[in-house]
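In: Let's see this in three dimensions:
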Amino acid sequence: MIYVQALLWERLRLARAAPTRGSSAVEWVIITAIIAGGALGLVTLIKTLVAQRMGAIQGDW
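Out: The predicted structure is shown next:
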């Protein structure tokens, strides 16, 4: 049991001393902006297509 505890403490120490990994906040903002822009473009496209189809349906009556 003492060996496992020592092993876990050593791994914890190494994890805290390791350089940071992953994306920075700026990268997350850029990724989020790209995704939001794509979603906004898709919503605009769908809205335009629905409005055109609605106009065609109303014109048939």
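
In: Spell out, range by range, the helices that occur in the protein.
Out: For the chain, the helices defined by DSSP state H cover 2-17, 25-60.

In: got any ranges where this protein has weak pLDDT?
Out: For the chain, applying pLDDT under 70 flags the ranges 20-23, 60-61.

In: Adding mean neighbour count as columns, could you present the helices of the chain in CSV?
Out: To be clear about C-beta, it is placed using only N, CA and C from the backbone, and glycine gets the same treatment. Converted to CSV, those look like this (neighbours: other CB atoms under 10 Å):
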stretch, mean neighbour count
helix 2-17, 9
helix 25-60, 10
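
In: Relative to Ala15, how far out is the residue most central in space within the chain?
Out: Nearest to the mean C-alpha position of the chain, by CA atoms, centre = their mean, lies Thr32 at 5.7 Å. Computed with CB to CB, to the nearest Å, the distance linking Thr32 and Ala15 is 27 Å.

In: and what of Thr48?
Out: Thr48 is 50 Å from Ala15, by CB to CB.

In: What of Ile35?
Out: Taking CB to CB, one finds Ile35 at 30 Å from Ala15.

In: if I look at Thr44, how far off is Ala15?
Out: 45 Å.

In: go on, Ile34?
Out: From Ile34 to Ala15 the distance is 31 Å (CB to CB).

In: Val4 too?
Out: According to CB to CB, Val4 stands 16 Å off from Ala15.

In: now swap in Val50 and tell me
Out: 51 Å.

In: Kindly report the same for Ala36.
Out: In this view, Ala36 and Ala15 are 33 Å apart by CB to CB.

In: what do you get for Leu8?
Out: 10 Å.

In: what's the answer for Ile46, then?
Out: Distance from Ile46 to Ala15, by CB to CB: 45 Å.

In: What of Tyr3?
Out: 19 Å.

In: just Val43 next, same as before
Out: 42 Å.

In: can you check Leu49 too?
Out: According to CB to CB, Leu49 stands 51 Å off from Ala15.
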